[in-house]
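Enquirer: here is my input, please return the structure:
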Amino acid sequence: MTRLLRDWRQLPEEARGASLALGNFDGVHRGHHAVLAAAHAGRPDLPLAVLTFEPHPREHFRPGDPPFRLTLLAAKLALFSELGCAFVLALPFDEALAAMPAEAFVHEVLHGALGARHLACGHDFAFGHRRGGDVAMLAREAESLGIGMTVVPPVSDEDGPISSTAIRRLLQDGYPERAAHRLGRPWEIRGLVSHGDKRGRTIGFPTANVPLGRQLEPARGVYAVQVALADGRVVPGVANIGARPTVGGTESRVEAHLFDFSEDLYGQEAGVRLIHFLRPERKFAGLAELTAQIAADAASARAMLGA
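Expert: Model prediction:
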């Protein structure tokens, strides 16, 4: 089980002396997997650890931006655990950290507090006050301190270099399959199932409502989905993501109808995995037309998912 640490000034001794992967790791995509693999390969005799930032620095500097996160901290931890990380140091990104010069970050945090023995990062990693530290500077400082370092080149597929930005764009353009290829798994929206207006159950399609929160809003519309439940089950279904204009909705939300499922999920965590985009969101003349379209969407999703 991966251990989460937040305070670099008070680290347990067993968290020191690791091989350390550095980055924001939003999405924990295939490019990030390569950074973690490089950290392990650089010193396979040492514990594998991750240093990341929470909140994402962009959330700190541009709090007015629309939510853009692919993975929040809890989801990241689960993924890091699957990838064999012993420790995750999620540094609180605040005014003090934002103001720390790059040299101080290397000497006080990476070397002094963490006692890192090996570092791995992507080719474009930047850090420190006003992003004053880059990979070349980090390599020089690491060498002077006797710390090994691996710089990982971009990981590419047929569409080009894999990046969190490119994956966000694919999701916003309605291509969850292509995003999944770059992530190494389907993208999911995680959250606690909350009470909605319960209109779905009156038309024969009860839904589990999962708030988007700080997570990216993908293309609005209807998706074939798999819903990962807290007990480990994965249930196929169909989901609408959007503001629900037919019923006068204004706030975007995720409403997932789980096939052949009638259990109460309120208050439980669920992950709605986007598998196929079926159609864009649109406004219908009334509930009868909407109900007929939901039935058609559900049939399409069942066929696609083999459900």
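Enquirer: give the contact list for the most centrally placed residue in the chain.
Expert: The residue lying closest to the centre of the chain (CA atoms, centre = their mean) is Thr71, at 1.7 Å. Contacts of Thr71 were listed using CB atoms under 8 Å, 6 or more residues apart in numbering, and they are Phe25, Asp26, Gly27, Val28, Leu79. Heads up, the C-betas are built off the backbone N, CA and C, glycines and all.
Enquirer: that one: which element?
Expert: Under DSSP states H and E, no helix or strand contains Thr71.
Enquirer: equivalent analysis for the one 4 residues further on, please.
Expert: Secondary-structure assignment from DSSP H and E places Ala75 in helix 73-82.
Enquirer: now that helix - C-alpha only, CSV.
Expert: The C-alpha trace of helix 73-82 is given here as CSV (Å, rounded to 0.1, in the frame of the first residue of the first chain):
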residue,chain,number,x,y,z
LEU,A,73,-5.2,12.9,-5.3
ALA,A,74,-7.1,9.8,-4.2
ALA,A,75,-7.2,8.5,-7.7
LYS,A,76,-3.5,9.2,-8.2
LEU,A,77,-2.6,7.3,-5.1
ALA,A,78,-4.5,4.2,-6.2
LEU,A,79,-2.7,4.4,-9.6
PHE,A,80,0.7,4.9,-8.0
SER,A,81,0.0,2.0,-5.7
GLU,A,82,-0.7,-0.3,-8.7
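Enquirer: what strands line up against whichever helix or strand comes after it, and which way round?
Expert: As assigned by DSSP H and E, the chain's next helix or strand after helix 73-82 is strand 87-92. Strand 87-92 sits in its sheet next to strand 3-5 (parallel), strand 48-54 (parallel), going by DSSP bridges.
Enquirer: relative orientation of strand 87-92 and helix 73-82 in degrees?
Expert: Per axes from the mean of the first three to the mean of the last three CA atoms, to 10 degrees, the angle that strand 87-92 makes with helix 73-82 is 160 degrees.
Enquirer: can you give the contact residues for strand 87-92?
Expert: 2-6, 8, 11, 15, 18, 47, 49-54, 73, 76-77, 80, 97, 109, 114.
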